[in-house]
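Asker: no FASTA, just this:
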């Protein structure tokens, strides 16, 4: 269903493009009015204005390196056009001046607009989903399950129930496979040989400390097993503690997986509690007396007889 905006219809499209792209803290003051589905004439001609702007700025079709570059260029072009063209109904002012007059009606947004399109997809046995003619990896825990893909303009977020099992920058090509090697870490723990031959681990951009450790360990099956042992600790301890343990071991001149795991184990141990020392001023001023005869005072003379 559509909504009819309150601002002037001729400046609404410029308002959406400029305010929506460059001012995320503001929105136009609108009064929601239910419209009929597929009835563009009931929506204040906003859709027609957007189509007009497409023909005005994007013919011939242009190419940009990124979405951020396109948004920057579009904002500059909208501002330039608005400053040099008169308002369609009020010829004494420009579109930019009409927009400035409407700025006091803008209201702050309490939370950013979470605009996405959600669809369901099946995860293959190789922890991949197919979306928009490309393949994206997910965490191995979601293999052969159904996930929900939330597609944004610049990224996709993959959820399995309430858990996020993948997040990637969105690609607009075809037949590309986008891996996140950390998604395959549980599989790598059981198959260390995949570190050299597996497609997800080719040209893996490791953190600096782990990259130095792998270089120090060398190559070969035994070196791969030792390095995978350190990587597997990320599943239980997290990436930052493992990096800190690797840096400490390398600082001591040792590239040993056993030493790194020992450092992590020591850091997981709870701190030794300090013994409680009672000071003299906390001692009782009137310590109780061990005199059982006091209880006889509670008994009357009749009971004593």
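Answerer: Looks like it arrived, so ask away. These figures come from a predicted structure and were not determined experimentally. Numbering: from 1, shown residues only.
Asker: who are the neighbours in contact with residue 260?
Answerer: 213, 230, 233, 242, 245-246, 249 (CB atoms under 8 Å, 6 or more residues apart in numbering). Glycine gets a C-beta too; all of them are placed from N, C-alpha and C.
Asker: ok, it to residue 84 distance?
Answerer: Distance, residue 260 to residue 84, by CB to CB, to the nearest Å: 64 Å.
Asker: which non-adjacent residue is nearest residue 187?
Answerer: Nearest in space to residue 187, with sequence neighbours left out and distances taken as CB to CB, 6 or more residues apart in numbering, is residue 140 at 5.3 Å.
Asker: and the residue nearest to residue 164 when sequence neighbours are not counted, how many neighbours does it have?
Answerer: The spatially closest residue to residue 164, leaving aside those adjacent along the chain, is residue 157, at 6.2 Å (CB to CB, 6+ apart). Residue 157 has 16 neighbours, counted by other CB atoms under 10 Å.
Asker: and what of residue 177?
Answerer: Using other CB under 10 Å: residue 177 sits among 14 other residues.
Asker: thinking again about what came up before, can I get the contacts of residue 260 in CSV including pLDDT, distance to residue 149 and neighbour count?
Answerer: Compiled in CSV, those are given as follows (pLDDT from 0 to 100; distance: CB to CB, whole Å; neighbours: other CB atoms under 10 Å):
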residue, pLDDT, distance to residue 149, neighbour count
213, 92, 35, 25
230, 93, 32, 23
233, 92, 31, 20
242, 93, 30, 25
245, 92, 36, 23
246, 93, 34, 27
249, 91, 40, 23
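Asker: what's the closest of those to residue 198?
Answerer: Minimum distance to residue 198 across these is 17.3 Å, recorded for residue 230 (CB to CB).
Asker: helix or strand right after the helix or strand hosting the closest one?
Answerer: Using DSSP states H and E, residue 230 falls within helix 221-232. Next along the chain after helix 221-232, taking DSSP H and E as the criterion, comes helix 234-237.
Asker: same for that next one, what does it pack against?
Answerer: helix 185-190 (3 or more CB pairs under 8 Å, 6 or more residues apart in numbering; DSSP states H and E).
Asker: off-centre distance for the following helix or strand past the helix it packs on?
Answerer: With elements assigned by DSSP H and E, the helix or strand that comes after helix 185-190 is helix 194-197. Distance, stretch centre to chain centre, for helix 194-197: 28 Å (CA atoms, centre = their mean, to the nearest Å).
Asker: please identify the buried residues of helix 194-197?
Answerer: Neighbour counts over helix 194-197 (16 or more other CB atoms under 10 Å) mark 194-195 as buried.
Asker: cool, thanks, talk later.
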